[in-house]
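> mind looking at a prediction? Sequence and model below.
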Amino acid sequence: MPSTPTSPASYQLALQQLCDSALPTGAFAHSLGFESYIDRGLVHDEASFGVWLAAFVGQQLSYSDALAIRFLYEDVPVTELDALLTAQLLPRQLREASIKMGTRLLEIGAEIFPSPELAEYRELVGSGRAAGHQPLAFAVVARSLGVPLPEALAAYLFAAVTSLTQNAVRAIPLGQNAGQRLLRQAADDVVAAVRRAGSLDRSDFGAVSPGLEISQMRHERQRARMFMS
Amino acid sequence: MSTTAAVEPPAVASPMGELELRIAVRGEKSVAVHQYHRGALRVLRAHYLDDSGQVCYVVVNPGGAYLGADLYVIHVEVADRAKLLLTTQSATKIYRTPGSFAEQRMRLRLGEGSQLELAPDQLIAYREASYRQNTHITLHPTSSLVMSEVVTPGWSPDGASFRYEELRLRTEIRVESGGKSGLLALDNLLIRPPTHDVTGMGFMEDFSHVGSLIVVDRRVDQALADELHVLTAGNEAYTGVSLTATVDGISGLVLRSLSNSTEELNRLLCACSALLRQRWHGTAPLDLRKY
(Lines give C-alpha, C1' and ligand atoms only; values in the text may rest on other atoms or scores of the structure.)
Protein backbone atom coordinates (compact mmCIF):
# COMPACT_ATOMS: atom_id res chain seq x y z
CA MET A 1 0.00 0.00 0.00
CA PRO A 2 1.49 3.37 -0.93
CA SER A 3 2.33 5.50 2.04
CA THR A 4 1.18 9.07 2.29
CA PRO A 5 3.68 11.15 0.27
CA THR A 6 5.70 13.41 2.46
CA SER A 7 7.73 15.19 -0.21
CA PRO A 8 6.99 16.45 -3.73
CA ALA A 9 8.49 14.88 -6.84
CA SER A 10 12.18 15.77 -7.06
CA TYR A 11 11.61 17.99 -10.09
CA GLN A 12 8.40 19.67 -8.96
CA LEU A 13 9.74 22.99 -7.67
CA ALA A 14 12.37 23.18 -10.39
CA LEU A 15 9.66 22.82 -13.03
CA GLN A 16 7.59 25.50 -11.33
CA GLN A 17 10.55 27.89 -11.32
CA LEU A 18 11.30 27.11 -14.98
CA CYS A 19 7.72 27.83 -16.00
CA ASP A 20 7.09 30.82 -13.79
CA SER A 21 6.22 33.89 -15.81
CA ALA A 22 8.76 35.78 -13.68
CA LEU A 23 11.58 33.75 -15.28
CA PRO A 24 13.44 36.48 -17.13
CA THR A 25 13.42 35.14 -20.71
CA GLY A 26 11.73 38.25 -22.06
CA ALA A 27 8.39 36.60 -22.87
CA PHE A 28 6.62 39.84 -21.92
CA ALA A 29 7.98 41.42 -25.12
CA HIS A 30 6.38 38.97 -27.57
CA SER A 31 2.84 38.61 -28.87
CA LEU A 32 3.90 35.93 -31.38
CA GLY A 33 1.50 37.44 -33.87
CA PHE A 34 -1.63 38.38 -31.90
CA GLU A 35 -0.72 42.08 -32.00
CA SER A 36 -1.44 41.99 -35.75
CA TYR A 37 -4.95 40.81 -34.96
CA ILE A 38 -5.36 43.65 -32.45
CA ASP A 39 -4.19 46.07 -35.14
CA ARG A 40 -6.84 44.77 -37.54
CA GLY A 41 -9.53 45.00 -34.84
CA LEU A 42 -10.13 41.25 -34.90
CA VAL A 43 -8.82 40.65 -31.39
CA HIS A 44 -10.45 43.21 -29.12
CA ASP A 45 -11.94 41.44 -26.09
CA GLU A 46 -11.84 38.31 -23.96
CA ALA A 47 -13.77 36.14 -26.41
CA SER A 48 -11.84 37.14 -29.53
CA PHE A 49 -8.47 36.68 -27.82
CA GLY A 50 -9.70 33.25 -26.67
CA VAL A 51 -10.31 32.28 -30.30
CA TRP A 52 -6.80 33.34 -31.29
CA LEU A 53 -5.24 31.59 -28.28
CA ALA A 54 -7.05 28.32 -29.05
CA ALA A 55 -5.82 28.44 -32.66
CA PHE A 56 -2.27 29.21 -31.50
CA VAL A 57 -2.23 26.30 -29.03
CA GLY A 58 -3.84 23.91 -31.51
CA GLN A 59 -1.51 24.81 -34.39
CA GLN A 60 1.77 26.55 -33.61
CA LEU A 61 2.38 25.21 -30.10
CA SER A 62 1.26 21.66 -30.99
CA TYR A 63 2.96 21.14 -34.34
CA SER A 64 6.14 23.09 -33.66
CA ASP A 65 7.08 23.58 -29.97
CA ALA A 66 5.44 20.48 -28.46
CA LEU A 67 6.64 18.19 -31.22
CA ALA A 68 10.21 19.50 -30.93
CA ILE A 69 10.14 18.81 -27.17
CA ARG A 70 8.77 15.30 -27.72
CA PHE A 71 11.39 14.47 -30.36
CA LEU A 72 14.17 15.63 -28.04
CA TYR A 73 12.82 13.30 -25.34
CA GLU A 74 12.88 10.53 -27.98
CA ASP A 75 16.61 11.06 -28.51
CA VAL A 76 16.52 12.91 -31.83
CA PRO A 77 19.83 14.87 -31.79
CA VAL A 78 19.40 18.44 -30.58
CA THR A 79 21.39 19.83 -33.56
CA GLU A 80 18.93 18.23 -35.98
CA LEU A 81 15.88 19.62 -34.13
CA ASP A 82 17.51 23.04 -33.80
CA ALA A 83 18.08 23.18 -37.58
CA LEU A 84 14.50 21.99 -38.22
CA LEU A 85 13.08 24.79 -36.05
CA THR A 86 15.26 27.43 -37.70
CA ALA A 87 14.06 26.26 -41.13
CA GLN A 88 10.43 25.85 -40.13
CA LEU A 89 9.84 29.12 -38.29
CA LEU A 90 9.37 31.02 -41.55
CA PRO A 91 8.23 34.39 -40.12
CA ARG A 92 11.48 36.14 -39.20
CA GLN A 93 10.26 37.71 -35.95
CA LEU A 94 8.94 34.38 -34.70
CA ARG A 95 12.28 32.70 -35.43
CA GLU A 96 14.15 35.51 -33.69
CA ALA A 97 11.79 35.36 -30.70
CA SER A 98 12.38 31.63 -30.27
CA ILE A 99 16.16 32.12 -30.43
CA LYS A 100 16.14 35.16 -28.14
CA MET A 101 14.08 33.47 -25.43
CA GLY A 102 15.94 30.19 -25.98
CA THR A 103 19.32 31.84 -25.51
CA ARG A 104 18.16 33.44 -22.25
CA LEU A 105 16.78 30.13 -21.03
CA LEU A 106 20.12 28.45 -21.78
CA GLU A 107 21.92 31.08 -19.70
CA ILE A 108 19.50 30.86 -16.80
CA GLY A 109 19.47 27.07 -16.98
CA ALA A 110 23.26 26.94 -16.77
CA GLU A 111 23.10 29.01 -13.57
CA ILE A 112 20.39 27.11 -11.75
CA PHE A 113 20.06 23.61 -13.30
CA PRO A 114 23.42 22.75 -14.90
CA SER A 115 23.78 19.39 -16.65
CA PRO A 116 26.13 17.87 -19.24
CA GLU A 117 23.31 17.92 -21.85
CA LEU A 118 22.68 21.61 -21.27
CA ALA A 119 26.40 22.36 -21.43
CA GLU A 120 26.54 20.52 -24.75
CA TYR A 121 23.65 22.50 -26.24
CA ARG A 122 25.19 25.76 -24.99
CA GLU A 123 28.49 24.78 -26.57
CA LEU A 124 26.75 24.08 -29.90
CA VAL A 125 25.08 27.49 -29.75
CA GLY A 126 28.28 29.21 -28.65
CA SER A 127 30.21 27.78 -31.59
CA GLY A 128 27.50 28.66 -34.11
CA ARG A 129 26.45 25.08 -34.82
CA ALA A 130 23.00 25.63 -33.34
CA ALA A 131 20.72 28.67 -32.91
CA GLY A 132 19.33 27.91 -29.42
CA HIS A 133 15.55 27.61 -29.60
CA GLN A 134 13.24 28.07 -26.63
CA PRO A 135 11.39 24.72 -26.71
CA LEU A 136 14.67 22.81 -27.05
CA ALA A 137 16.40 24.74 -24.26
CA PHE A 138 13.38 23.96 -22.07
CA ALA A 139 13.29 20.30 -23.11
CA VAL A 140 17.01 19.77 -22.42
CA VAL A 141 16.66 21.21 -18.91
CA ALA A 142 13.37 19.45 -18.12
CA ARG A 143 14.69 16.11 -19.30
CA SER A 144 17.89 16.49 -17.26
CA LEU A 145 15.71 17.14 -14.19
CA GLY A 146 13.81 13.89 -14.79
CA VAL A 147 10.50 15.56 -15.64
CA PRO A 148 8.29 13.04 -17.45
CA LEU A 149 7.35 14.08 -21.00
CA PRO A 150 3.60 14.69 -20.49
CA GLU A 151 4.29 16.93 -17.48
CA ALA A 152 7.07 18.77 -19.32
CA LEU A 153 4.79 19.38 -22.30
CA ALA A 154 1.84 20.52 -20.22
CA ALA A 155 4.04 22.84 -18.14
CA TYR A 156 5.76 24.37 -21.20
CA LEU A 157 2.53 24.94 -23.11
CA PHE A 158 0.73 26.38 -20.10
CA ALA A 159 3.66 28.71 -19.40
CA ALA A 160 3.52 29.93 -23.02
CA VAL A 161 -0.23 30.43 -22.77
CA THR A 162 0.18 32.30 -19.46
CA SER A 163 2.74 34.77 -20.88
CA LEU A 164 0.61 35.42 -23.95
CA THR A 165 -2.50 35.96 -21.85
CA GLN A 166 -0.68 38.36 -19.51
CA ASN A 167 0.53 40.25 -22.57
CA ALA A 168 -3.01 40.38 -23.96
CA VAL A 169 -4.33 41.65 -20.62
CA ARG A 170 -1.93 44.60 -20.95
CA ALA A 171 -2.32 45.17 -24.69
CA ILE A 172 -6.06 44.87 -25.41
CA PRO A 173 -6.53 45.63 -22.40
CA LEU A 174 -8.51 43.05 -20.45
CA GLY A 175 -9.41 42.78 -16.77
CA GLN A 176 -7.35 40.54 -14.50
CA ASN A 177 -10.31 38.19 -13.95
CA ALA A 178 -10.83 37.89 -17.72
CA GLY A 179 -7.19 36.79 -17.95
CA GLN A 180 -7.80 34.08 -15.38
CA ARG A 181 -10.93 32.86 -17.17
CA LEU A 182 -8.93 32.68 -20.41
CA LEU A 183 -6.24 30.60 -18.70
CA ARG A 184 -8.80 28.19 -17.29
CA GLN A 185 -10.28 27.76 -20.76
CA ALA A 186 -6.85 27.40 -22.39
CA ALA A 187 -5.94 24.61 -19.95
CA ASP A 188 -8.31 22.28 -21.83
CA ASP A 189 -6.62 23.20 -25.13
CA VAL A 190 -3.23 22.53 -23.56
CA VAL A 191 -4.32 19.04 -22.47
CA ALA A 192 -5.61 18.36 -25.99
CA ALA A 193 -2.34 19.65 -27.47
CA VAL A 194 -0.26 17.35 -25.23
CA ARG A 195 -2.37 14.42 -26.38
CA ARG A 196 -2.13 15.45 -30.04
CA ALA A 197 1.63 15.94 -29.87
CA GLY A 198 1.90 12.30 -28.82
CA SER A 199 0.13 11.07 -31.94
CA LEU A 200 1.92 13.15 -34.60
CA ASP A 201 4.95 12.05 -36.60
CA ARG A 202 7.95 13.61 -38.33
CA SER A 203 5.99 14.58 -41.43
CA ASP A 204 3.63 16.66 -39.24
CA PHE A 205 6.42 18.76 -37.77
CA GLY A 206 6.02 22.46 -38.43
CA ALA A 207 2.55 22.32 -39.94
CA VAL A 208 1.20 25.71 -38.92
CA SER A 209 -1.77 27.57 -40.31
CA PRO A 210 -1.38 30.14 -43.09
CA GLY A 211 -3.41 32.73 -41.15
CA LEU A 212 -1.15 32.65 -38.09
CA GLU A 213 1.95 32.80 -40.27
CA ILE A 214 0.77 35.74 -42.35
CA SER A 215 -0.13 37.69 -39.21
CA GLN A 216 3.32 37.02 -37.76
CA MET A 217 4.93 38.15 -41.02
CA ARG A 218 2.82 41.31 -41.21
CA HIS A 219 3.82 42.30 -37.70
CA GLU A 220 7.27 43.19 -39.11
CA ARG A 221 5.73 46.13 -40.92
CA GLN A 222 3.10 47.18 -38.41
CA ARG A 223 3.46 50.87 -37.52
CA ALA A 224 2.57 51.19 -33.85
CA ARG A 225 3.50 48.16 -31.82
CA MET A 226 4.13 47.19 -28.20
CA PHE A 227 5.75 43.86 -28.93
CA MET A 228 8.86 42.62 -30.75
CA SER A 229 6.89 39.84 -32.45
CA MET B 1 -13.11 6.47 -64.06
CA SER B 2 -14.00 4.96 -60.71
CA THR B 3 -12.25 3.66 -57.65
CA THR B 4 -13.21 0.59 -55.68
CA ALA B 5 -14.40 1.07 -52.13
CA ALA B 6 -12.00 -1.59 -50.87
CA VAL B 7 -9.32 -0.41 -48.48
CA GLU B 8 -6.17 0.04 -50.46
CA PRO B 9 -2.62 0.19 -49.16
CA PRO B 10 -1.58 3.78 -48.42
CA ALA B 11 1.02 3.92 -51.16
CA VAL B 12 1.73 1.61 -54.06
CA ALA B 13 5.20 0.37 -54.84
CA SER B 14 4.96 1.11 -58.53
CA PRO B 15 4.24 4.73 -59.37
CA MET B 16 1.24 5.64 -61.49
CA GLY B 17 3.42 8.13 -63.30
CA GLU B 18 7.13 8.90 -63.42
CA LEU B 19 9.01 11.75 -64.95
CA GLU B 20 12.73 12.45 -65.13
CA LEU B 21 14.24 15.49 -66.69
CA ARG B 22 17.82 16.70 -66.79
CA ILE B 23 18.42 20.14 -68.20
CA ALA B 24 21.86 21.36 -69.26
CA VAL B 25 23.34 24.18 -71.34
CA ARG B 26 24.08 23.39 -74.98
CA GLY B 27 25.37 26.39 -76.88
CA GLU B 28 23.13 29.37 -76.21
CA LYS B 29 20.23 27.37 -74.86
CA SER B 30 19.17 25.10 -72.04
CA VAL B 31 17.98 21.74 -73.35
CA ALA B 32 16.88 18.40 -71.92
CA VAL B 33 19.87 16.05 -72.02
CA HIS B 34 17.93 13.28 -70.33
CA GLN B 35 14.21 12.69 -70.43
CA TYR B 36 12.22 9.71 -69.22
CA HIS B 37 8.55 9.23 -68.58
CA ARG B 38 6.38 6.32 -67.73
CA GLY B 39 2.67 5.91 -67.08
CA ALA B 40 0.44 8.89 -66.50
CA LEU B 41 3.02 11.70 -66.63
CA ARG B 42 4.79 13.27 -69.55
CA VAL B 43 5.98 16.66 -70.81
CA LEU B 44 5.01 18.59 -73.91
CA ARG B 45 7.63 19.53 -76.47
CA ALA B 46 10.19 22.00 -75.13
CA HIS B 47 9.74 25.63 -76.05
CA TYR B 48 11.35 29.00 -75.46
CA LEU B 49 9.35 32.05 -74.36
CA ASP B 50 12.15 34.52 -75.11
CA ASP B 51 15.79 34.61 -76.16
CA SER B 52 17.17 34.16 -72.63
CA GLY B 53 17.89 30.49 -73.32
CA GLN B 54 15.49 29.42 -70.55
CA VAL B 55 13.70 26.26 -71.64
CA CYS B 56 10.05 25.78 -70.74
CA TYR B 57 8.53 22.37 -70.11
CA VAL B 58 4.85 21.75 -69.48
CA VAL B 59 3.98 18.70 -67.38
CA VAL B 60 0.90 16.83 -68.50
CA ASN B 61 -1.10 14.23 -66.65
CA PRO B 62 -3.02 12.49 -69.45
CA GLY B 63 -5.25 10.76 -66.87
CA GLY B 64 -6.36 14.23 -65.81
CA ALA B 65 -6.53 13.53 -62.09
CA TYR B 66 -4.97 11.95 -59.05
CA LEU B 67 -6.88 9.10 -57.40
CA GLY B 68 -6.53 7.01 -54.23
CA ALA B 69 -3.10 5.39 -53.73
CA ASP B 70 -1.77 6.97 -56.92
CA LEU B 71 1.90 7.81 -56.60
CA TYR B 72 3.56 10.27 -58.96
CA VAL B 73 7.32 10.67 -58.93
CA ILE B 74 9.14 13.59 -60.56
CA HIS B 75 12.91 14.03 -60.62
CA VAL B 76 14.35 17.14 -62.19
CA GLU B 77 17.95 18.23 -62.35
CA VAL B 78 18.99 21.63 -63.60
CA ALA B 79 22.72 21.43 -64.33
CA ASP B 80 25.24 24.24 -63.82
CA ARG B 81 24.11 27.51 -65.43
CA ALA B 82 21.03 25.89 -67.02
CA LYS B 83 17.64 27.63 -66.88
CA LEU B 84 14.29 25.89 -66.62
CA LEU B 85 10.68 26.98 -66.34
CA LEU B 86 8.47 24.09 -65.28
CA THR B 87 4.72 24.45 -65.31
CA THR B 88 1.62 22.30 -65.79
CA GLN B 89 -0.94 22.11 -68.56
CA SER B 90 -3.92 22.42 -66.23
CA ALA B 91 -4.97 22.34 -62.59
CA THR B 92 -3.98 19.31 -60.53
CA LYS B 93 -7.22 17.64 -59.54
CA ILE B 94 -7.46 15.21 -56.66
CA TYR B 95 -10.58 13.05 -56.72
CA ARG B 96 -11.96 10.80 -53.97
CA THR B 97 -9.25 8.69 -52.38
CA PRO B 98 -11.28 6.44 -50.01
CA GLY B 99 -9.16 4.93 -47.24
CA SER B 100 -5.99 6.09 -48.95
CA PHE B 101 -4.28 9.14 -50.43
CA ALA B 102 -2.76 10.31 -53.67
CA GLU B 103 0.85 11.37 -53.50
CA GLN B 104 3.36 13.34 -55.50
CA ARG B 105 7.05 13.07 -54.68
CA MET B 106 9.22 15.61 -56.37
CA ARG B 107 13.00 15.90 -56.19
CA LEU B 108 14.64 18.95 -57.69
CA ARG B 109 18.37 19.54 -57.86
CA LEU B 110 19.84 22.86 -58.96
CA GLY B 111 23.46 23.21 -60.03
CA GLU B 112 25.82 26.19 -59.75
CA GLY B 113 24.43 29.35 -61.26
CA SER B 114 21.32 27.51 -62.43
CA GLN B 115 17.82 28.91 -62.45
CA LEU B 116 14.48 27.21 -61.85
CA GLU B 117 11.03 28.71 -62.00
CA LEU B 118 8.29 26.39 -60.83
CA ALA B 119 4.83 27.67 -61.66
CA PRO B 120 2.21 24.92 -61.56
CA ASP B 121 -1.50 25.56 -62.01
CA GLN B 122 -3.70 25.50 -58.92
CA LEU B 123 -4.45 22.44 -56.87
CA ILE B 124 -8.10 21.38 -56.52
CA ALA B 125 -9.10 18.68 -54.05
CA TYR B 126 -12.57 17.24 -54.49
CA ARG B 127 -14.88 15.80 -51.85
CA GLU B 128 -13.26 13.02 -49.79
CA ALA B 129 -9.84 13.55 -51.33
CA SER B 130 -6.54 13.13 -49.50
CA TYR B 131 -3.31 14.31 -51.06
CA ARG B 132 0.32 14.49 -50.03
CA GLN B 133 2.88 16.44 -51.92
CA ASN B 134 6.48 16.03 -50.84
CA THR B 135 8.98 18.29 -52.53
CA HIS B 136 12.70 18.08 -51.83
CA ILE B 137 14.85 20.78 -53.35
CA THR B 138 18.63 20.85 -53.18
CA LEU B 139 20.35 23.93 -54.47
CA HIS B 140 23.78 25.52 -54.62
CA PRO B 141 24.49 28.89 -52.95
CA THR B 142 24.64 30.39 -56.47
CA SER B 143 21.34 28.85 -57.72
CA SER B 144 18.15 30.81 -58.19
CA LEU B 145 14.75 29.36 -57.33
CA VAL B 146 11.28 30.89 -57.69
CA MET B 147 8.32 28.64 -56.94
CA SER B 148 4.66 29.46 -56.61
CA GLU B 149 1.61 27.46 -55.65
CA VAL B 150 -2.13 28.05 -55.30
CA VAL B 151 -4.48 25.80 -53.33
CA THR B 152 -8.22 26.18 -53.81
CA PRO B 153 -10.91 25.30 -51.26
CA GLY B 154 -11.86 22.31 -53.39
CA TRP B 155 -15.13 21.36 -54.92
CA SER B 156 -18.10 19.22 -53.94
CA PRO B 157 -21.45 18.55 -55.65
CA ASP B 158 -23.39 20.50 -53.00
CA GLY B 159 -21.24 23.56 -53.61
CA ALA B 160 -19.72 23.55 -50.12
CA SER B 161 -16.02 24.32 -49.68
CA PHE B 162 -13.37 22.38 -47.80
CA ARG B 163 -15.01 19.00 -48.21
CA TYR B 164 -11.78 17.18 -48.83
CA GLU B 165 -10.17 15.04 -46.12
CA GLU B 166 -6.60 16.24 -46.04
CA LEU B 167 -4.03 18.23 -48.00
CA ARG B 168 -0.37 18.07 -47.09
CA LEU B 169 2.10 20.14 -49.07
CA ARG B 170 5.54 19.75 -47.59
CA THR B 171 8.57 21.43 -49.13
CA GLU B 172 12.09 21.04 -47.86
CA ILE B 173 14.87 23.23 -49.28
CA ARG B 174 18.52 22.40 -48.64
CA VAL B 175 21.66 24.30 -49.64
CA GLU B 176 24.57 22.11 -50.64
CA SER B 177 28.16 23.00 -51.50
CA GLY B 178 31.57 21.47 -50.97
CA GLY B 179 30.05 18.26 -49.62
CA LYS B 180 28.19 20.15 -46.88
CA SER B 181 24.44 20.47 -46.76
CA GLY B 182 22.18 22.63 -44.60
CA LEU B 183 18.42 22.96 -44.26
CA LEU B 184 17.28 26.41 -45.37
CA ALA B 185 13.50 26.20 -45.21
CA LEU B 186 10.77 23.76 -44.29
CA ASP B 187 7.32 24.76 -45.47
CA ASN B 188 4.62 22.43 -44.25
CA LEU B 189 1.05 23.25 -45.18
CA LEU B 190 -1.44 20.84 -43.62
CA ILE B 191 -5.18 21.38 -44.01
CA ARG B 192 -7.54 18.80 -42.53
CA PRO B 193 -11.08 20.19 -42.65
CA PRO B 194 -12.75 17.22 -40.89
CA THR B 195 -10.67 17.57 -37.69
CA HIS B 196 -11.40 21.21 -36.92
CA ASP B 197 -12.90 24.33 -38.44
CA VAL B 198 -10.24 25.62 -40.81
CA THR B 199 -12.22 28.57 -42.12
CA GLY B 200 -11.96 31.17 -39.35
CA MET B 201 -9.52 33.30 -37.37
CA GLY B 202 -6.10 31.74 -36.91
CA PHE B 203 -6.40 29.51 -39.95
CA MET B 204 -7.94 30.63 -43.27
CA GLU B 205 -9.16 33.95 -41.79
CA ASP B 206 -12.48 33.65 -43.68
CA PHE B 207 -10.68 33.42 -47.02
CA SER B 208 -10.97 30.40 -49.29
CA HIS B 209 -7.72 30.19 -51.28
CA VAL B 210 -4.09 30.10 -50.17
CA GLY B 211 -1.12 31.01 -52.34
CA SER B 212 2.60 30.77 -51.65
CA LEU B 213 5.73 32.07 -53.27
CA ILE B 214 9.18 30.90 -52.26
CA VAL B 215 12.26 32.64 -53.62
CA VAL B 216 15.81 31.51 -52.89
CA ASP B 217 18.60 33.53 -54.42
CA ARG B 218 21.75 35.30 -53.26
CA ARG B 219 20.07 38.59 -54.13
CA VAL B 220 17.19 38.06 -51.68
CA ASP B 221 17.35 40.59 -48.85
CA GLN B 222 15.10 42.59 -46.52
CA ALA B 223 14.73 45.38 -49.08
CA LEU B 224 13.35 42.89 -51.63
CA ALA B 225 10.94 41.42 -49.06
CA ASP B 226 9.72 44.95 -48.27
CA GLU B 227 9.34 45.72 -51.97
CA LEU B 228 7.21 42.61 -52.56
CA HIS B 229 5.13 43.60 -49.56
CA VAL B 230 4.45 47.01 -51.11
CA LEU B 231 3.73 45.39 -54.47
CA THR B 232 1.09 43.09 -52.99
CA ALA B 233 -0.37 45.54 -50.47
CA GLY B 234 -2.93 46.99 -52.87
CA ASN B 235 -4.80 43.71 -53.28
CA GLU B 236 -7.76 42.46 -51.29
CA ALA B 237 -5.76 39.35 -50.53
CA TYR B 238 -4.24 39.13 -47.05
CA THR B 239 -0.52 38.75 -47.61
CA GLY B 240 2.65 38.39 -45.55
CA VAL B 241 6.30 38.32 -46.64
CA SER B 242 9.29 37.33 -44.55
CA LEU B 243 12.91 36.26 -44.90
CA THR B 244 14.03 32.72 -44.14
CA ALA B 245 17.20 31.90 -42.27
CA THR B 246 20.54 32.14 -44.09
CA VAL B 247 22.60 29.08 -45.02
CA ASP B 248 25.97 29.33 -46.72
CA GLY B 249 25.41 32.98 -47.59
CA ILE B 250 22.06 32.46 -49.28
CA SER B 251 18.60 33.37 -47.94
CA GLY B 252 15.09 32.84 -49.10
CA LEU B 253 11.85 34.70 -48.79
CA VAL B 254 8.40 33.30 -48.32
CA LEU B 255 5.28 35.12 -49.37
CA ARG B 256 1.99 33.71 -48.16
CA SER B 257 -1.37 35.03 -49.25
CA LEU B 258 -5.03 34.33 -48.52
CA SER B 259 -7.69 35.33 -51.02
CA ASN B 260 -11.10 34.40 -52.35
CA SER B 261 -10.03 33.68 -55.89
CA THR B 262 -7.46 31.78 -57.91
CA GLU B 263 -7.30 34.69 -60.36
CA GLU B 264 -6.36 37.23 -57.71
CA LEU B 265 -3.65 34.98 -56.30
CA ASN B 266 -2.29 34.23 -59.77
CA ARG B 267 -2.19 37.94 -60.55
CA LEU B 268 -0.41 38.71 -57.30
CA LEU B 269 2.12 35.88 -57.61
CA CYS B 270 2.74 36.77 -61.27
CA ALA B 271 3.38 40.40 -60.34
CA CYS B 272 6.06 39.26 -57.90
CA SER B 273 7.65 36.87 -60.37
CA ALA B 274 7.52 39.54 -63.09
CA LEU B 275 9.49 41.91 -60.87
CA LEU B 276 12.12 39.25 -60.24
CA ARG B 277 12.31 38.19 -63.90
CA GLN B 278 12.77 41.76 -65.04
CA ARG B 279 15.32 42.71 -62.38
CA TRP B 280 17.43 39.58 -62.26
CA HIS B 281 17.19 38.16 -65.76
CA GLY B 282 15.94 41.02 -67.91
CA THR B 283 13.08 38.85 -69.16
CA ALA B 284 9.43 39.72 -69.70
CA PRO B 285 6.61 38.70 -67.34
CA LEU B 286 5.37 35.14 -67.74
CA ASP B 287 2.27 34.78 -69.83
CA LEU B 288 1.55 31.12 -69.37
CA ARG B 289 -1.80 31.27 -71.14
CA LYS B 290 -0.20 31.94 -74.52
CA TYR B 291 0.56 28.28 -75.23
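Structure received.
> neighbours of the residue in chain B positioned nearest to chain A, how many?
When scored by CB to the nearest CB, chain B has residue B:202 as its residue closest to chain A, at 2.5 Å. In this view, the C-beta of every residue, glycine as well, is placed from N, C-alpha and C. For residue B:202, the number of neighbouring residues by other CB atoms under 10 Å in any protein chain shown comes to 28.
> what does the pLDDT read for the nearest residue in space to it that is not next to it in sequence?
Residue nearest to residue B:202 in three dimensions, not counting chain neighbours: residue A:55, with 2.5 Å by CB to CB, 6 or more residues apart in numbering or on different chains. pLDDT recorded at residue A:55 is 97.
> specify the local secondary structure of the residue of chain B closest to chain A.
Assigned by DSSP: H, G, I helix; E, B strand; the rest coil, the conformation of residue B:202 is coil.
> from what I see, residue B:193 and residue B:163 are in contact.
Yes. Assessed by CB atoms under 8 Å, residue B:193 is found in contact with residue B:163 at 7.0 Å.
> run through the chain and note the low-pLDDT ranges.
Answering for chain A, as no chain was given. Residues of chain A that meet the criterion pLDDT under 70 lie in A:1-3.
> let's do chain B instead
Applying pLDDT under 70 to chain B flags the ranges B:1-13, B:288-291.
> what residues are up against residue B:39?
Applying CB atoms under 8 Å, 6 or more residues apart in numbering or on different chains to residue B:39 gives the contacts B:15-18.
> what's the residue nearest the centre of chain A sitting at in phi/psi?
Relative to the mean C-alpha position of chain A, the nearest C-alpha, by CA atoms, centre = their mean, is the one of residue A:160, at 4.6 Å. The phi/psi pair for residue A:160 (degrees, to the nearest 10) reads phi -60, psi -40.
> and the helices in the chain?
If you meant another chain, say so; for now it's chain A. For chain A, the helices defined by DSSP state H occupy A:12-19, A:34-39, A:46-56, A:67-73, A:78-88, A:92-112, A:116-126, A:134-144, A:149-171, A:176-199, A:210-218.
> looking at chain B here, not the other one
Assigned helices in chain B, in chain order: B:222-233, B:262-276 (criterion: DSSP H).
> Throw those into CSV and include mean neighbour count and distance to residue A:30, thanks.
CSV is the format used below for those (neighbours: other CB atoms under 10 Å in any protein chain shown; distance: least, CB to CB, whole Å):
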stretch, mean neighbour count, distance to residue A:30
helix B:222-233, 16, 20
helix B:262-276, 19, 29
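> want to try a markdown table for the ones you listed, with distance to residue A:66 as columns?
Written out in a markdown table, the entries for the helices of chain B read as follows (distance: least, CB to CB, whole Å):
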| stretch | distance to residue A:66 |
| --- | --- |
| helix B:222-233 | 29 |
| helix B:262-276 | 31 |
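> could these go into TSV alongside distance to chain A?
As requested, these are arranged in TSV below (distance: least, CB to the nearest CB, whole Å):
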stretch	distance to chain A
helix B:222-233	6
helix B:262-276	12
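> about what we covered before: so the residue of chain B closest to chain A makes contact with residue A:214?
No. Applying CB under 8 Å, one finds residue B:202 not in contact with residue A:214, separated by 10.8 Å.
> dump the residue contacts of the closest residue to residue B:26 other than its chain neighbours.
If the residues on either side of it in the chain are set aside, residue B:26 comes closest to residue B:33, at 7.4 Å by CB to CB, 6+ apart. For residue B:33, the contact set (CB under 8 Å, 6+ apart) comprises B:22-24, B:26, B:79.
> quick one: which of the residues you listed has the most company?
Compared across those, residue B:23 has the highest neighbour count, 28 neighbours, by other CB under 10 Å.
> would you confirm that that residue contacts residue B:75?
No. No contact is recorded between residue B:23 and residue B:75 when judged using CB under 8 Å, the distance being 11.8 Å.
> ok, back up a step: for the contacts of residue B:33, work out which two are farthest apart.
Within the contacts of residue B:33, B:22 and B:26 form the most distant pair, 11.9 Å apart (CB to CB).
> residue B:32 is in contact with residue B:56, isn't it?
No. Using CB under 8 Å, residue B:32 is not in contact with residue B:56, being 11.2 Å away.
> the more surrounded of those two?
Ranked by neighbour count (other CB under 10 Å), residue B:32 and residue B:56 place residue B:56 first, with 22 against 18.
> count of neighbours near the nearest residue to the more buried one once chain neighbours are set aside?
Counting by CB to CB, 6+ apart, residue B:85 is the residue found nearest to residue B:56 once chain neighbours are left out, at 4.3 Å. When neighbours are defined as other CB under 10 Å, residue B:85 has 24 of them.
> ok, residue B:113 next?
Neighbours of residue B:113 under the rule other CB under 10 Å: 15.
> now do the same contact list for it.
Residue B:113 is in contact with B:80-81, B:140, B:142-143, counting by CB under 8 Å, 6+ apart.
> only the buried subset of these, as a PyMOL command please.
Selection of buried members from these for PyMOL, criterion 16 or more other CB atoms under 10 Å in any protein chain shown:
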select buried, chain B and resi 81+140+142+143
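> would you format the contacts of residue B:113 as CSV with distance to chain A included?
Putting the contacts of residue B:113 into CSV (distance: CB to the nearest CB, whole Å) gives the following:
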residue, distance to chain A
B:80, 25
B:81, 27
B:140, 17
B:142, 20
B:143, 17
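> contacts only, for the closest residue to chain B within chain A.
Closest contact between chain A and chain B, by CB to the nearest CB, is at residue A:55 (2.5 Å). The contact partners of residue A:55, by CB under 8 Å, 6+ apart, come to A:209, A:211-212, B:201-203.
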